[in-house]
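A.B. asks: requesting a structural model of the entry that follows:
(one chain, ligands or ions: 3)
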Amino acid sequence: MKDQLGRTIDYMRISVTDRCNLRCVYCMPAGGIRKIPHGDVLTFEEICRVAAAAALIGIEKIKITGGEPLVRKNIAELIRGVKQLEGIKKVTLTTNGLLFSEMAEQLAEAGLDAVNFSLDTLDADRYEAITRARALDKVLDAVDLAVRMGLPAKINCVPMKNHNLGDLTGLAGLAKERPLSVRFIEMMPIGLGRNFETVGSEFVLRRIAAAFGEPVASARAVGNGPALYYEFPGFKGSVGFISAMTGEFCGACNRVRLTSDGRLMPCLCNQKSLDLKSDLRNGLPQTELSGKMASFIAAKPRRHNLSEPKGNGAEEKHMVQIGG
Ligand code: GTP
Ligand code: 5AD
Ligand code: SF4
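C.D. replies: Numbers count the residues shown, from 1 in each chain. Ligands and ions are numbered 1, 2, ... in the order given. Now for the predicted structure:
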């Protein structure tokens, strides 16, 4: 469908849980957050009903996110269910990778089309400082397994002063020997992200160019998102940038979100949401659900309000509750 500004909306991010087995410093407080009660989390059957209603209005691509989606039991079954829906062409996953290797076979068999791994450093100690877990090897193994399986893979890194600026070229270098994309995401002032200064994409690009040579902007679109990609000489993969702060991409936004407690969010960074849980639990027929979603999505805001001061309608939830 098109929204009121003529943007084609064909992608839905579905957060299946607000729980996570890591505690990244920019996302989760060390003690965790107040969790959504189990009874308020949509069941797989309810998620599939929303996805089917979304497909009726033109959603073709689904991203499964969290928290950490792989901590939710039987997630492969949800992927299978969503993938089988009429109109859904692609189902992809964004994970921290800790549980990926043991589940990779079932995920691929269920129809998973691609996977993104969050990885901010290649140093085990720094990984522990950022995520509060000693688990770097697990993530690296998961990335290599995905590549061996031929599953299209990307790595997401959020650059942060005093944490991982020394790792940026090393991370980008993963795309030299492997056919994957390494992407750098500008820190957004959402939740704990407010405690960090955004490191701009231009800075990161310059640093990588100093190590690997001049980049060429890629004509090839990798994935469904707002990232811009570059090719470097001799690289099998590519390097991408998600410049939410310095290169606003809202004018070309193609997506909406579903939170794990069943709220439809037309924008990541705007508190407006539509509660679908009550409709689902009150048995609203599919076509009416679709219609209600379509009217709400049509009014999608023009742009994010990340630059607004707190309290001005900017999203005040933690990233882990929205799913990125
Ligand atoms: P693919 O390219 O298909 O893999 O999609 P993607 O880039 O959306 O996937 P991923 O889940 O890895 O998202 C990466 C990050 O980009 C998100 O976690 C956010 O931090 C950021 N991002 C994604 N969509 C938006 C958006 O609509 N607005 C903003 N501001 N940031 C976004
Ligand atoms: N700003 C930008 N990216 C963030 N992520 C989590 N919090 C933020 C933030 N405040 C990233 C994670 C993960 C992706 C889903 O979102 O690093 O790769
Ligand atoms: Fe978990 Fe991802 Fe948040 Fe890290 S960024 S705590 S991996 S949800």
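A.B. asks: residues contacting L289?
C.D. replies: Each residue near L289 by CB atoms under 8 Å, 6 or more residues apart in numbering is listed here: 49-50, 53, 276, 279-280. Yep, even glycine has a C-beta here, placed from its N, CA and C like the rest.
A.B. asks: in helices, which of the residues you listed fall?
C.D. replies: Mapping those onto helices (DSSP state H) picks out 49-50, 53, 279-280.
A.B. asks: poorly predicted segments of the chain, please.
C.D. replies: Within the chain, the segments meeting pLDDT under 70 span 221, 223, 309-317.
A.B. asks: residues in it within reach of ligand 2, list them.
C.D. replies: Contacts of the chain with ligand 2, taken as CB under 6 Å from any ligand atom, map to 26-27, 94, 118, 156, 158, 185, 187-188, 190, 193, 319, 324.
A.B. asks: just checking, which of those residues belong to strands?
C.D. replies: 94, 118, 156, 185 (DSSP state E).
A.B. asks: what's around the nearest residue to the third one once chain neighbours are set aside, how many residues?
C.D. replies: Translated: N156. Among residues not flanking N156 along the chain, S118 sits closest, at 4.9 Å (CB to CB, 6 or more residues apart in numbering). For S118, the count of nearby residues is 21 (other CB atoms under 10 Å).
A.B. asks: now swap in G150 and tell me
C.D. replies: Counted by other CB under 10 Å, the residues lying close to G150 total 9.
A.B. asks: and which of the ones in strands among the residues of the chain next to ligand 2 is nearest L165?
C.D. replies: Taking CB to CB as the measure, L165 lies nearest I185 of those, at 14.3 Å.
A.B. asks: show me where the stretch 1-150 of the chain has strands.
C.D. replies: Here the stretch 1-150 of the chain has its strands, by DSSP state E, counting those that start in this stretch, at 11-15, 61-65, 90-95, 114-118.
A.B. asks: any chance of those strands in TSV, plus distance to ligand 3?
C.D. replies: Below are those laid out as TSV (distance: least, CB to the nearest ligand atom, whole Å):
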stretch	distance to ligand 3
strand 11-15	10
strand 61-65	8
strand 90-95	8
strand 114-118	5
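A.B. asks: P266: which of the ones you listed is closest?
C.D. replies: Once the strands of the stretch 1-150 of the chain are compared by CB to CB, strand 11-15 is nearest, at 10.8 Å.
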